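Undergrad: build me a model from this:
(8 chains, ligands or ions: 12)
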Protein chains: 8
Amino acid sequence: LRNGLPEVIYAAGKSPEHTSEIFARMAATGIDVLATRADEATAAAVLAATPTAKYHQQARAITLRQSPPAAPHGHVAVLCAGTSDLPAAEEAAITAELFGAKVTRLYDVGVAGIHRLLAQRDILATANAVIVCAGMEGALPSVVGGLVAVPVIAVPTSVGYGASFSGAAALLGMLNSCSPNVCVVNIDNGFGAAYTATMIARASHR
Amino acid sequence: LRNGLPEVIYAAGKSPEHTSEIFARMAATGIDVLATRADEATAAAVLAATPTAKYHQQARAITLRQSPPAAPHGHVAVLCAGTSDLPAAEEAAITAELFGAKVTRLYDVGVAGIHRLLAQRDILATANAVIVCAGMEGALPSVVGGLVAVPVIAVPTSVGYGASFSGAAALLGMLNSCSPNVCVVNIDNGFGAAYTATMIARASHR
Amino acid sequence: LRNGLPEVIYAAGKSPEHTSEIFARMAATGIDVLATRADEATAAAVLAATPTAKYHQQARAITLRQSPPAAPHGHVAVLCAGTSDLPAAEEAAITAELFGAKVTRLYDVGVAGIHRLLAQRDILATANAVIVCAGMEGALPSVVGGLVAVPVIAVPTSVGYGASFSGAAALLGMLNSCSPNVCVVNIDNGFGAAYTATMIARASHR
Amino acid sequence: LRNGLPEVIYAAGKSPEHTSEIFARMAATGIDVLATRADEATAAAVLAATPTAKYHQQARAITLRQSPPAAPHGHVAVLCAGTSDLPAAEEAAITAELFGAKVTRLYDVGVAGIHRLLAQRDILATANAVIVCAGMEGALPSVVGGLVAVPVIAVPTSVGYGASFSGAAALLGMLNSCSPNVCVVNIDNGFGAAYTATMIARASHR
Amino acid sequence: LRNGLPEVIYAAGKSPEHTSEIFARMAATGIDVLATRADEATAAAVLAATPTAKYHQQARAITLRQSPPAAPHGHVAVLCAGTSDLPAAEEAAITAELFGAKVTRLYDVGVAGIHRLLAQRDILATANAVIVCAGMEGALPSVVGGLVAVPVIAVPTSVGYGASFSGAAALLGMLNSCSPNVCVVNIDNGFGAAYTATMIARASHR
Amino acid sequence: LRNGLPEVIYAAGKSPEHTSEIFARMAATGIDVLATRADEATAAAVLAATPTAKYHQQARAITLRQSPPAAPHGHVAVLCAGTSDLPAAEEAAITAELFGAKVTRLYDVGVAGIHRLLAQRDILATANAVIVCAGMEGALPSVVGGLVAVPVIAVPTSVGYGASFSGAAALLGMLNSCSPNVCVVNIDNGFGAAYTATMIARASHR
Amino acid sequence: LRNGLPEVIYAAGKSPEHTSEIFARMAATGIDVLATRADEATAAAVLAATPTAKYHQQARAITLRQSPPAAPHGHVAVLCAGTSDLPAAEEAAITAELFGAKVTRLYDVGVAGIHRLLAQRDILATANAVIVCAGMEGALPSVVGGLVAVPVIAVPTSVGYGASFSGAAALLGMLNSCSPNVCVVNIDNGFGAAYTATMIARASHR
Amino acid sequence: LRNGLPEVIYAAGKSPEHTSEIFARMAATGIDVLATRADEATAAAVLAATPTAKYHQQARAITLRQSPPAAPHGHVAVLCAGTSDLPAAEEAAITAELFGAKVTRLYDVGVAGIHRLLAQRDILATANAVIVCAGMEGALPSVVGGLVAVPVIAVPTSVGYGASFSGAAALLGMLNSCSPNVCVVNIDNGFGAAYTATMIARASHR
Ligand SMILES: Nc1ncnc2c1ncn2[C@@H]1O[C@H](COP(=O)(O)O)[C@@H](O)[C@H]1O
Ligand SMILES: Nc1ncnc2c1ncn2[C@@H]1O[C@H](COP(=O)(O)O)[C@@H](O)[C@H]1O
Ligand SMILES: Nc1ncnc2c1ncn2[C@@H]1O[C@H](COP(=O)(O)O)[C@@H](O)[C@H]1O
Ligand SMILES: Nc1ncnc2c1ncn2[C@@H]1O[C@H](COP(=O)(O)O)[C@@H](O)[C@H]1O
Ligand SMILES: [Mg+2]
Ligand SMILES: [Mg+2]
Ligand SMILES: [Mg+2]
Ligand SMILES: [Mg+2]
Ligand SMILES: [Mg+2]
Ligand SMILES: [Mg+2]
Ligand SMILES: [Mg+2]
Ligand SMILES: [Mg+2]
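TA: Ligands and ions are numbered 1, 2, ... in the order given. Prediction:
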C-alpha cells in the first residue's frame, strides 16, 4: 500500500452496485476504505453490503475504519466562508480524519467579516497544514496565508452564480494569491487537498 | 457642462500634438481640464502649449486647475495593495482631487498582511466612498467592503503574471465579491472609479 | 446592525426549512428581513412560519417589514429593456424599497426603440441613483449614463442565447461603457445593485 | 471579374515589394485596384511603381481608380463613435467609395451622447445600407438598427482596454443585438462590411 | 409599422398563456404575426385562441398571414448541411416566407461532399440573398460566398459536441470567413438572418 | 534511432550558438539533421559551423542530408490556401522531404475559390497522406477530407486577425470537422503534421 | 462506396424511429452499417426493425455486419486510463473492428501508475496505429507516443470535473503533446479516431 | 520575521535603482535576501550597491546569504522536462537552496522518454517534497505523483506555442492531475513552489 493511506473510490459516474461491489471487495482485505462523491442511493447500496461503513451526507463520502485506533498524525485545519462551501470542506475534513489527522473545522470565517477569522488565530497557529475552501471571489486563502507559517491548500468551490463561472473565478483568484504559501487543487477537490495536507501534517508530526 | 465636472481627454492612441491641441482649446474656455493615459511625450507637448498644466507621472495624468479654490466636496479614500497598483490608484486619486474631493491615500494594505489594513480602520470610516485598486487575486475590495458602510468602487488592475490573464482574474474576483456594497469598473479604470466615487462623495456632502 | 439596513438571507442552495428557520429567528429580533432567490416552496415554508412576511414572485424575494413607517430616504430609478429582465429588475426594486428608498420602475425602454427611453428623461433626472438591468448586448447603461448626472449601477442579466454566453456578453459590454458614471455588479445581481444604490440615495438625501 | 468589383490585395504580412508588384500587375490590366492594411512603407513602394495610385493614411488603404467616372450605385452611411474607431470606419468608407457607392460619414455619434446621433436621423434615413464601427461596449449598432429600415453591418473594433479584450466585448455585444436588422463581421473588418454594404446599396439602387 | 414587416413575438421564456394573449392582441389588428421559439404547449395555446394561425414544428414558429396574397418580393436561398441544422434553417425559411420572399431550400449540401453543393449552382445564382446555417466547423458559408455575387448571411448553429462549444466554433469560423460577402448573426438566430435577407431581397427586387 | 527518422532540434528560444553547437554535434554522428523555427541569425551560425547544411527561409528550417540517396517512401500532399499559410506549409513540406517522402505542394486552393482545389483532384488522389494548413476559418481540411480516402492531418495556422484569436478559430473548426478522416495538430505545427504523415506514407508504401 | 468502409449513422439528435428507418434502408443494400451515439430506446427501435443488428451498450453503438468474414486489415491498439473513459474507448474499438481491423484493448493504464502501461510494451509494439482515450489531464498520449513508432490518435474525453471544463483541459494537453507522432480529434470522438486509425492500419497491412 | 525565511523582492516592474535600494536596505539588517525576476540591468545595479550578492542568470534571481552556514533542512527535488523550462526550475531551485533545503535537480526527464525519469526513481524517493516544472501538455507531475509518497508542487510554465496559450494548457492539465498528491501554483511561479516545498521539507526534517 502506497504510504499507508486508505484505498479510495471515486463514486461519481459509477452505478451504486458497482461502487458497492468495489467497496466490499476492498473492505474484505481489512484496510480502511473511502468512497467520495457518493449520493444517497450509492450510500444505501454500500451500507447494505458493508454495514460497518458510515455515510457522511454533507461530505457525500462513505468511510470504513478497520485499522486499530491510533493517536492522530498531525493537525489539519479546514476553513470555509459559508454554508454553501460545506460539501467541499466536509469532503476534506472526513478524508483527513480517516487518513489519521486531527481536524479542526473553522466554518464561518468569510473575508467580508474579517474579525470572525482573526478571532481564531490562536487555534489556526497550531495546525501543521491548512485547507481553505472558498467559492465566489476565493479571497480567503490569501488572508489565511498571511496569518500562518505552514502550507495552505486552497480549494476553489463551484459555489456562486453569474461571473463565478462555476468556480473558475475562485480558482483564478487562488492561483494569483499574493501569499507565497498557497497552492491550489481542482475546483471542489476537497479530497485531493486533504490527501496532500495529511501528508504534510504527518511529516511535521514525525 | 454636465454636472459641474471638468472636461476629460483620453490621450491613449492620440498623438502628442493632437492631445496638446485639444487640451489648449479646452483650457482657453477657462474650465478645469484633465488628460488621462498621457505618456512623457504627450506631457511635454501639453505643458509646452499650456504651461500652467501639471503632469502627474505615476498617474500618467495631466491636470489644469482654473476654477477658484473651494473646500472639498466630500471625502474619497483610495486604497491599493502594493507598488504595482500605483498607476491605477494615482489615476483615481488625481481625478478625484481635480473633481473637488478630499482624497486619502492608503497604499500598503494588501490582504496577505491584514493588520496593516485594520490599523487604518478609523480613517477609512470617515470616507464617503472608497476606491480599491487590486491586481492578482483582487481580494482587497471584499475585505474593505466588510469594514465600511459606504459604496466601494473596485478597480481590477492588470498587475500580475500567468493566470492573472492581464487583470481578468482580479476582475472576476471583484464581480463575485461577497460584500454587497462592492461594484466594479473596467481593468485599470481608475478614472471611471473616481468619477463615480466623486459623485457619491459630493452627494453625501450636500 | 451595519449601517441600519435589514438582514438578508440568500436562499439559493438552502432547503425551504433551513431558510424558514433563519428567517423566523431574524424576524423574532424585530428587524426588517429579506430573503432573495426564494422559489415557491421556500416562500410557502417561510410564510407558514412567519405569516406577516410577503412573497414577491417575479423578484423571487420574501420581505418582512417591521420597522415603523418612514418617509423614503432618497430616490432610486430601476430600468430594464424587456420582460425577460424582470426578475433582476424586481429583485433590485423590492430590495431598494425595503431598504427605504422611493423606487421608480421604467421597464419598457430598450435601446432598439430609443424614444421610449427619451420620453422618460424628466423622471430619470430626479433619481439619486439609477439601476439598469439588461441582457443580450447590455447597451442600455451607456445610453442612460449619458442622460443622468448620478451613478448608474449596471446589472447584466443572463437573458439571451448563443453568444450571450449566459450574461457574459452583457457583462463585458457594461464594463466597457463609454459613460464614466457606470459601474457594474455580478450577472443577475439585482440585490447588490440595490444595496449600493440605496446607500447612494440615502447619502444624497441627507 | 466577379460582380464588377475591383481587385483587392490584403497587404498585412506581405513585404512592400511583394504588394507593390501585385498592385502593379493588377493595375496593368486596366481595372480598379484596392490594397488594405497598407503601412507607410508599403504605400511608398506602391506609389513609386504606380504613381496614379492614392494612399489614404487613416484608412491604411491604397486605391487606384481606372474605370470611367459614373454616378454612384446606391448610398452607404458609415458611422462611428469616436476618433479611435476611425481606421476601421475609413477602411469601410474608402472601400465603399471605390466600389461605386455614395458614402456619408457620421463620425461623432456615440451612445453616451445620444442626441448627436438623433440629430442625424434625416440623412441616416436616406441610406440603402448602414455600416456602424464601434469598440468598447459596441452598443451603437443596436441603437442605429432601431432608427433605420435597412440592413446594418456592424464592425466591432479593437479599440478599448482591459475587459474589451481587443474587440471581443464589442463583437459579443453586436452578435446579441436586439435590433434584428444587424449582422456582424470580424473585428476591424471595415473592408468586409463595405463589400457587403455596397452589394446591398447597388441592388437597392437598380 | 416599421418597414412593412409583420409583428414578431419571441416566445422563449414566456408562458404559453402570455404568448397566446400577445399573439391574439396583435392578430386583432389585422396584421401578419410571427412567434418564434414556440414549443408544442405554446402552439396549442396560441392556436386555441387564434385558430387561423399555423404551427411549424421543425421551425418552432407560429405564423398568421392576414395580408392579401402578393407576388413574392425577391428570392432568398436557405442552405444547410444536415438534419441537425434544420431548426435554424426552417426558422429562417418560415420567417422569410411570411415576410414576403420566395424561398428556396437547399438542405443536404455539406462541405464534406462538395459536389452536392456544386450541383445546385444554377439555382443558387438566382437568389438575391443567401442564408447559410451550419454547425460544427461552420465552413459552408465560405464556400457558398465564393459561388455567389450576393450577400451571404451566416447562421452558426449550436449543433455539435465537445469542442464545438455549443456553436462557438462555428461562430468563430464564420466571422473569419475568407469570402468578403459573408456576415454573421447570433448562434441559432435564423430569424435575424431572414429579417436582414428579406430586406436585401426586397430592395433588390424593386 | 527511433524509427529511422532524423534527429530534430527545436530552435525557438535557443541562442544561435546553442543551436549551432547541438546541430554540429548531431551532424558529426553522420545522420540527417533538422532544425525547426530557426531565424536568420540561427541559420548563419549553423551554416558557419556546418557548411553542408541548407537553410529554407520560408520554412524557417535548416536541413542536413547525409543519408545515401533513396527512392521516396510514400507520397505526401501539402495544401494551403494563401501566401500567409506558407511558413507552416513549408515547415511541413521540408520536414516530410527530409524524412524521405515524395511531397506535392498545392498552395493556392482556398475554399472561397473551390474550383482551384477541384482542378487538383487527380494529383490529390495519389497521395498516401494529406497535410492541410489553413488559418482564418480553417474550412479547407473538411472539404479535402471529403475528396480523398486517406488520413488528412490538419494544421491550424495563426494567420488572421480579430476573432481568429491567433489560430484558435481555425483550430476549433478543424476539431469539429464533419469529415471523419481529419485529425489535428497544434497551431502552426507543420513539423508534427509531417512527422505523422510521413509515418503513414511510409507504412502505405511498404 | 468511399474507400470500402461501412455506412455510418450519427444517432444523436435523431428520433429512434428516424434512426431505425435509415438503418433499415442501408441494411437492405447488403452493406455493413454502424450507428453511433445510440441510446437504449434507439437500440430497441433499430433491433426491432433489423434483428440481425447488434447493440454495444458501453460503446452506445449499433453494428450490422453483412460482409463476408475476412482476415483483419491491420492492428489497432485502443488504450484508456480508467472506467470513465470506456464509452469513448469502446466507440473506437467497436468502430475499428467493424471496419476490419484487429483491435487490442488496454484499459487500465493511467499515467499515475506508469508500470501498468510499461508492462504492455510488447503488445503495444505490434500495433499499426494506436488510439489513446483520456480525460482529466490527458497526459497518456504523450507517454504512449514516446513508446511506439506509429501514429497515435488522441481522443480527449469529457471525463472529469471543475477545471476539466468538459474535456477542454485534456484536449489542450493533447494538442501540446511533446511526442511528435500524436494527433488529436474532437472530445469523445472515438469514432473519428477509429476511422483514421483503421485507414492507417489498413495501409500498413497492404 | 515570519517563519525564519529570508526577505524577498519581486523585481518585475521595479526600476533597477528601486530594487537595488530595497535590496541594500534589507541587506543592512543582516538577514538573507532574495530578489526574483531580476534582469541583467537590475543585477548590475544590485551588485554594484551590494557586492556580496550573487546573480543567478538562468533563474533571473539575486541572492545574498548572510546567515551562518547550517546543515540543510530537508530535501527538495526539482524536476523539469527540457531546456525551456529551466528559468522556472532554477528560480525554484535557487529559492529552495537559499531557504535552507538540500536541492536535487533532475532536468532531462520529459514524459515522451519515460525511461530517463524512471532511471531516477531512487533519488526521487529520498526527497521530502518534489517540484515539477512543465510547459506544453504539463503531464510530468501526474507521472511523478504516482512515483513518490510526498507532496508534488506542480509549476506550469509558459513554454510552448499555439494552443499552449502561454501556459494555460499546462495549468489546466496539472489541476486535473489524477495523482492526488499534486497541487499547483501560478504559471512560471517557481518561487512560490519553492516557498511551500521548503516549508514541507523543513517540517519533515524536524
Ligand atoms: N473527489 C475526488 N476528486 C479527485 N480524485 C478522486 C476523488 N476521489 C477519489 N479520487 C481518486 O480517484 C481514484 C479512484 O478512482 P476510481 O478507481 O475510478 O474509483 C483514487 O485513487 C483517488 O486518487
Ligand atoms: N441575490 C443575492 N446575490 C448576492 N448576494 C446576496 C444575494 N442575496 C443575499 N446576498 C448576500 O448573502 C448574504 C446572506 O448569505 P447567507 O448567510 O448564506 O444567507 C447577505 O448578507 C447578502 O450580502
Ligand atoms: N482588410 C481585409 N480584411 C479581410 N479580408 C480582406 C481585407 N482586405 C482584403 N481582403 C481579402 O483578401 C483577399 C486578397 O488576399 P491576398 O490575395 O492575400 O491579397 C481579397 O480578395 C479580399 O477578399
Ligand atoms: N516545430 C516544432 N513544433 C513542435 N515540436 C517540435 C518542433 N520542432 C521540433 N520539435 C520537437 O522538439 C524536439 C527537440 O526539442 P529540443 O531538444 O528542445 O530541441 C524534437 O524531438 C521534436 O519532437
Ligand atoms: Mg504560492
Ligand atoms: Mg455588490
Ligand atoms: Mg465607469
Ligand atoms: Mg440580427
Ligand atoms: Mg465579410
Ligand atoms: Mg475526425
Ligand atoms: Mg504532433
Ligand atoms: Mg490533487
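
Undergrad: wait, what's in contact with the closest residue to chain C within chain A?
TA: Proximity of chain A to chain C (C-beta to the nearest C-beta) peaks at A:Gly162, 2.9 Å away. The way it works is simple: take the backbone N, C-alpha and C, and place the C-beta from them, glycine included. By C-beta atoms under 8 Å, 6 or more residues apart in numbering or on different chains, the residues touching A:Gly162 are B:175-176, C:156, C:158, C:166-167, C:171, C:186-189.

Undergrad: now the strands for chain A?
TA: Ranges of strands in chain A, per DSSP state E, are A:7-10, A:33-36, A:54-56, A:61-64, A:75-80, A:102-106, A:129-134, A:152-156, A:182-184.

Undergrad: which residue is nearest the middle of chain A?
TA: A:Ala92 (0.9 Å; C-alpha atoms, centre = their mean).

Undergrad: ok so, going back, among the strands of chain A, which is nearest E:Ile9?
TA: strand A:152-156 (41.6 Å; C-beta to C-beta).

Undergrad: which residues are contacting that closest one?
TA: The contact list for strand A:152-156 (C-beta under 8 Å, 6+ apart) reads A:88-89, A:92, A:129-135, A:138, A:141, A:144-145, A:167-168, A:170-171, A:173-174, A:177, A:179, A:181-185, A:187-190, A:193, A:196-197, G:162, H:183.

Undergrad: so which residues on chain A come close to ligand 5?
TA: Chain A has residues A:180, A:182 near ligand 5, with proximity defined as C-beta under 5 Å from the ion.

Undergrad: try 8 Å
TA: Remark: the part of chain A in contact with ligand 5 comprises A:145, A:177, A:179-183, using C-beta under 8 Å from the ion.

Undergrad: show me what contacts A:Ala125?
TA: In this structure, A:Ala125 makes contact with A:147-148, judged by C-beta under 8 Å, 6+ apart.

Undergrad: switch the cut-off to 10 Å
TA: A:77, A:147-150 (C-beta atoms under 10 Å, 6 or more residues apart in numbering or on different chains).

Undergrad: excluding chain neighbours, give the residue nearest to the residue in chain A that chain E sits nearest to in space.
TA: At 13.7 Å from chain E, A:Phe165 is the closest residue in chain A, using C-beta to the nearest C-beta. Nearest non-adjacent residue to A:Phe165, counting by C-beta to C-beta, 6 or more residues apart in numbering or on different chains: B:Leu172, 7.2 Å away.

Undergrad: test my guess that that neighbour contacts A:Ser166.
TA: No. Here B:Leu172 does not reach A:Ser166: they are 11.7 Å apart, not a contact under C-beta atoms under 10 Å.

Undergrad: so the two - more neighbours on which side?
TA: Applying other C-beta atoms under 10 Å in any protein chain shown to B:Leu172 and A:Ser166 shows that B:Leu172 carries more neighbours, namely 30 against 20.

Undergrad: can you give me the separation between the more buried one and C:Leu175?
TA: Distance of B:Leu172 to C:Leu175, computed by C-beta to C-beta, to the nearest Å: 11 Å.

Undergrad: next one: A:Cys133
TA: From A:Cys133 to C:Leu175 the distance is 28 Å (C-beta to C-beta).

Undergrad: who has more neighbours out of those two?
TA: Relative neighbour count places A:Cys133 above the other of A:Cys133 and C:Leu175, with 34 against 29, counting by other C-beta under 10 Å.

Undergrad: residue contacts, A:Met163?
TA: To be clear, residue A:163 is Ala; Met isn't right here. A:136-137, A:169, B:171-176, B:184, C:156, C:166-168, C:171, C:184-189.

Undergrad: what's the distance between the residue of chain A found nearest chain F and ligand 2?
TA: Residue nearest to chain F within chain A: A:Ala168 (17.9 Å; C-beta to the nearest C-beta). The gap separating A:Ala168 from ligand 2 is 18 Å, by C-beta to the nearest ligand atom, to the nearest Å.

Undergrad: pretty sure that residue sits against B:Leu172.
TA: Yes. Counting by C-beta under 10 Å, A:Ala168 touches B:Leu172, with 7.2 Å between them.

Undergrad: and of the strands of chain A, who's closest to A:Ile123?
TA: A:Ile123 lies closest to strand A:102-106 among these, at 5.9 Å (C-beta to C-beta).

Undergrad: picking up where we left off before, what's the closest of the strands of chain A to H:Ala81?
TA: So among these, strand A:182-184 is nearest, using C-beta to C-beta, at 20.2 Å.

Undergrad: how about that closest one, does it reach ligand 1?
TA: No. Remark: strand A:182-184 sits outside contact range of ligand 1, by C-beta under 6 Å from any ligand atom, the gap being at least 13.9 Å.

Undergrad: from the contact counts, what lies against that strand?
TA: helix A:140-147, strand A:152-156, helix A:168-175, helix A:190-205, strand H:152-156, helix H:168-175, strand H:182-184, helix H:190-205 (3 or more C-beta pairs under 10 Å, 6 or more residues apart in numbering or on different chains; DSSP states H and E).

Undergrad: tell me the angle the third one makes with helix A:140-147.
TA: Orientation check (axes from the mean of the first three to the mean of the last three C-alpha atoms, to 10 degrees): helix A:168-175 against helix A:140-147 gives 20 degrees.

Undergrad: so how far is helix A:168-175 from its chain's centroid?
TA: A distance of 18 Å separates the centroid of the chain from that of helix A:168-175, by C-alpha atoms, centre = their mean, to the nearest Å.

Undergrad: with the first one instead?
TA: Averaged C-alpha coordinates place helix A:140-147 at 18 Å from its chain's average position (C-alpha atoms, centre = their mean).

Undergrad: quick one: that helix near chain B?
TA: Yes. Among the residues of helix A:140-147, A:140-147 lie within reach of chain B under C-beta under 10 Å from any C-beta of the partner chain.

Undergrad: make a markdown table out of the residues you listed and add pLDDT, neighbour count and distance to B:Glu97.
TA: A markdown table is the format used below for the residues of helix A:140-147 next to chain B (pLDDT from 0 to 100; neighbours: other C-beta atoms under 10 Å in any protein chain shown; distance: C-beta to C-beta, whole Å):
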| residue | pLDDT | neighbour count | distance to B:Glu97 |
| --- | --- | --- | --- |
| A:Leu140 | 96 | 31 | 34 |
| A:Pro141 | 97 | 33 | 35 |
| A:Ser142 | 95 | 31 | 30 |
| A:Val143 | 96 | 30 | 31 |
| A:Val144 | 97 | 30 | 36 |
| A:Gly145 | 96 | 26 | 35 |
| A:Gly146 | 95 | 22 | 31 |
| A:Leu147 | 95 | 20 | 35 |
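
Undergrad: neighbours around the residue of chain A found nearest ligand 9, how many?
TA: With C-beta to the ion, the shortest gap between chain A and ligand 9 falls at A:Phe165, namely 30.9 Å. Other residues within reach of A:Phe165, judged by other C-beta under 10 Å, total 20.
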